[in-house]
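Undergrad: Provided below for reference: sequence and predicted model.
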Amino acid sequence: LRELRVTLNGVHSELGLLDEGSEIVVIREDIWKKTNAPRNQQICMRMQTANGGAQEMGGCVEMLEIDVAGIKSWAHAYVVPD
């Protein structure tokens, strides 16, 4: 795991955690609100947590812009509670 400084949607800078073994992108609800990006609550998913539990996700931010050191990419980011 590595921490990287990321800029989300061109408006909010935050430390992000890069997990190269992860299959999805997640974003905390409080951070999502700072991006001013729309959330699609029609897209629902349940995530299996590292301790074997399950957590419902609060929708999806589709095609969220993620900038790392000037390199931009876009991803669907699933919103999780704070």
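TA: Great, that's in hand.

Undergrad: surely residue 31 forms part of a helix?
TA: Yes: under DSSP: H, G, I helix; E, B strand; the rest coil, residue 31 sits within a helix.

Undergrad: and it, how far from residue 52?
TA: 25 Å (Cβ to Cβ, to the nearest Å). In this view, the C-beta of every residue, glycine as well, is placed from N, C-alpha and C.

Undergrad: for the spatially most distant residue from the centre of the chain, grab phi and psi.
TA: Going by Cα atoms, centre = their mean, the residue of the chain most distant from its centre is residue 52, 20.5 Å out. Torsion angles at residue 52 (phi, psi; degrees, to the nearest 10) stand at phi 90, psi 0.

Undergrad: going forward, the N-terminal residue is numbered 45.
TA: Okay, using 45 as the starting number, the last item reads as residue 96.

Undergrad: any idea how far residue 102 is from it?
TA: For residue 96, the distance to residue 102 - Cβ to Cβ - is 21 Å.

Undergrad: do a quick rundown of the helices in this protein.
TA: Along the chain, counting by DSSP state H, helices occupy 73-79.

Undergrad: ok, which stretches of it are strands?
TA: Along the chain, the segments classed as strands by DSSP state E run 46-52, 56-62, 69-72, 90-92, 98-100, 104-112, 115-124.

Undergrad: hmm, residue 87 is touching residue 102, no?
TA: No: the criterion here is Cβ atoms under 8 Å, and residue 87 misses it with residue 102 at 10.1 Å.

Undergrad: what is in contact with these two at once?
TA: residue 122 (Cβ atoms under 8 Å, 6 or more residues apart in numbering).

Undergrad: and residue 86, how many neighbours does it have?
TA: Using other Cβ atoms under 10 Å, residue 86 has 7 neighbouring residues.

Undergrad: nearest spatial neighbour of it, skipping sequence neighbours?
TA: Nearest non-adjacent residue to residue 86, counting by Cβ to Cβ, 6 or more residues apart in numbering: residue 103, 7.6 Å away.
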